[in-house]
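Novice: can't give you the sequence, but here's the structure:
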C-alpha cells in the first residue's frame with residue numbers, strides 16, 4: 001500500500017486560453033477541474049502505474065465533496081478527515097500560444113487539533129513495514145510547522161517508510177524526524193543548510209550530508225536536467241530525458257509517486273531512479289497534473305542516464 005497525505009487538498013481548476021493577457025479580459029477556450037494538491041496528484045500517478053493506493057488528508061465543504069466524488073470516479077480509495085471550512089480552489093491559467101502557466105492558489109481552511117488527530121489515526125491505520133506514506137504539499141492554516149514531523153514519527157513507529165515532499169518550515173521540522181525520502185530542489189537545499197551550492201559536487205556533498213544524518217534516500221532536483229540522488233551511501237547523477245513539455249505542473253509529484261512505486265516493488269536503486277525520472281517527464285507530456293501514460297514511461301525510461309558519483 002502507498003498512502004498519500006494531502007493536508008491542504010484542493011480543487012485544481014485549469015483554464016486553457018488562446019493567449020493570457022494581463023490587465024485584460026481573458027476568455028477560456030476550455031476549463032478542466034480535478035481533485036488537487038500534491039498528494040492527490042501523486043495518488044493518481046500511483047494508481048495509473050498499477051500501484052495500490054489510498055488518499056487521506058483533510059477536506060471540507062462542497063469542494064471537499066467534489067474531491068471525494070472525483071476520486072471515486074477515478075477508482076482511487078480515500079479516507080479523509082473532515083473540516084468545517086471549505087477546501088481551497090487552485091487556479092491555473094495556461095496560454096495555448098506559449099504554454100506559459102500562471103497559478104493562483106487559495107490559502108484554504110483553518111484547521112485545528114481535532115482534524116490533525118483524525119488524520120494521524122487515518123495515516124497510521126493498517127500500516128505495515130512494507131508500506132510507504134507520501135506526505136506532500138503545504139500545511140493548512142492552523143497546523144503547526146511540526147505537523148509533518150509528528151506524522152513521520154508515527155509512520156516510522158509502524159515500520160513504514162515516510163516520503164516527505166514539502167518546503168519551508170514544514171520541511172525543516174520534518175527533517176528532524178528523519179523521513180526515508182526527501183526531494184528538495186537546489187534552492188531549497190541551499191536555504192535548508194544556509195550555504196551556497198555552486199556546482200554538482202557541492203550538491204552531492206549536500207546529499208551525502210543528509211544520508212549521514214539518517215535519511216535513506218535524499219534527492220536534490222535540478223529542474224529539467226535531472227537530479228542528484230543518494231542511497232546506500234552512494235550518490236548518483238540522474239540525467240533526465242529531453243522532451244517538449246506541455247505542462248510541468250505535477251511533474252515533481254509524479255516523480256515522487258514513481259519512486260514510491262519503484263521502491264514498494266523492490267526495484268534496485270538505479271532502476272528506480274530511471275523509472276521515477278521517466279514518470280516525472282511523462283507527466284510533462286500531458287495537459288493535466290498527475291496524469292501519465294505507461295507507453296510514455298516505458299519509452300522515456302530508456303532515455304534516462306544514471307551514473308555513480310565518486
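Specialist: Okay, I see it. Keep in mind that this is a model prediction, so the values were computed, not measured.
Novice: Just give me the neighbour total for residue 161.
Specialist: Residues near residue 161, counting by other Cβ atoms under 10 Å, number 24. (Glycine included, C-beta is placed from N, CA and C.)
Novice: Give me the neighbour count for the residue lying closest to it once chain neighbours are set aside.
Specialist: In space, and not counting its chain neighbours, residue 161 is closest to residue 180: 3.9 Å by Cβ to Cβ, 6 or more residues apart in numbering. Residues lying near residue 180 (other Cβ under 10 Å) number 20.
Novice: now this protein, which segments are flagged as low pLDDT?
Specialist: Across the chain, nothing is flagged by pLDDT under 70.
Novice: Run through the helices of the stretch 151-300 of the chain in chain order.
Specialist: Remark: helices assigned in the stretch 151-300 of the chain by DSSP state H, counting those that start in this stretch are 168-175, 186-193, 200-212, 251-264, 269-284, 294-301.
Novice: quick one: which of those is nearest residue 44?
Specialist: helix 251-264 (8.1 Å; Cβ to Cβ).
Novice: looking just at contacts, which helices and strands does the closest one meet?
Specialist: Taking 3 or more Cβ pairs under 8 Å, 6 or more residues apart in numbering; DSSP states H and E as contact, the helices and strands that helix 251-264 lies on are strand 2-6, helix 38-48, strand 132-136, strand 161-165, strand 181-182, strand 217-221, helix 269-284.
Novice: and it with strand 161-165, angle?
Specialist: Angle of helix 251-264 versus strand 161-165, following axes from the mean of the first three to the mean of the last three Cα atoms, to 10 degrees, is 170 degrees.
Novice: Pull the distance from helix 251-264 to the chain's centre.
Specialist: Distance of helix 251-264 from the chain centroid (Cα atoms, centre = their mean, to the nearest Å) equals 8 Å.
Novice: ok, back up a step: what sits against the residue nearest to residue 161?
Specialist: 132, 161, 162, 163, 215, 216, 217 (Cβ atoms under 8 Å, 6 or more residues apart in numbering).
Novice: what would those residues look like in CSV with distance to residue 83?
Specialist: As requested, the contacts of residue 180 are exported to CSV (distance: Cβ to Cβ, whole Å):
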residue, distance to residue 83
132, 25
161, 28
162, 23
163, 24
215, 31
216, 33
217, 32
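Novice: ok so, going back, what's the residue nearest to residue 161 sitting at in phi/psi?
Specialist: phi -70, psi -40 (degrees, to the nearest 10).
Novice: just to revisit the earlier point, which one of the helices of the stretch 151-300 of the chain has the most crowded surroundings?
Specialist: Neighbour counts (mean count of other Cβ atoms under 10 Å) averaged over each of these peak at helix 251-264, with a mean of 27.
Novice: Could you report the neighbour count for residue 116?
Specialist: A count of neighbours around residue 116, defined by other Cβ under 10 Å, yields 20.
Novice: That one sits in which helix or strand?
Specialist: Element membership of residue 116 [criterion: DSSP states H and E] is helix 113-124.
Novice: residues making contact with that helix?
Specialist: 3, 5, 7, 56-58, 79-83, 133, 143, 147, 150-151, 154-155, 158.
Novice: show me what contacts the closest residue to residue 106 other than its chain neighbours?
Specialist: Spatially, and ignoring its direct neighbours in sequence, residue 106 is nearest to residue 88 (3.9 Å; Cβ to Cβ, 6+ apart). Contacts of residue 88 were listed using Cβ under 8 Å, 6+ apart, and they are 8, 9, 10, 11, 63, 105, 106, 107, 108, 109.
Novice: picking up where we left off before, tabulate the helices and strands packed on helix 251-264 (CSV), appending distance to residue 293.
Specialist: Formatted as CSV, the helices and strands packed on helix 251-264 follow (distance: least, Cβ to Cβ, whole Å):
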stretch, distance to residue 293
strand 2-6, 19
helix 38-48, 8
strand 132-136, 21
strand 161-165, 22
strand 181-182, 25
strand 217-221, 22
helix 269-284, 6
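Novice: who wins for proximity to residue 244 among the ones you listed?
Specialist: Using Cβ to Cβ as the measure, helix 269-284 is the one of the helices and strands packed on helix 251-264 that comes nearest residue 244, at 8.7 Å.
Novice: Tell me which other helices or strands that closest one touches.
Specialist: So helix 269-284, by 3+ Cβ pairs under 8 Å, 6+ apart, packs with strand 226-231, strand 234-239, helix 251-264, helix 294-301, strand 305-309.
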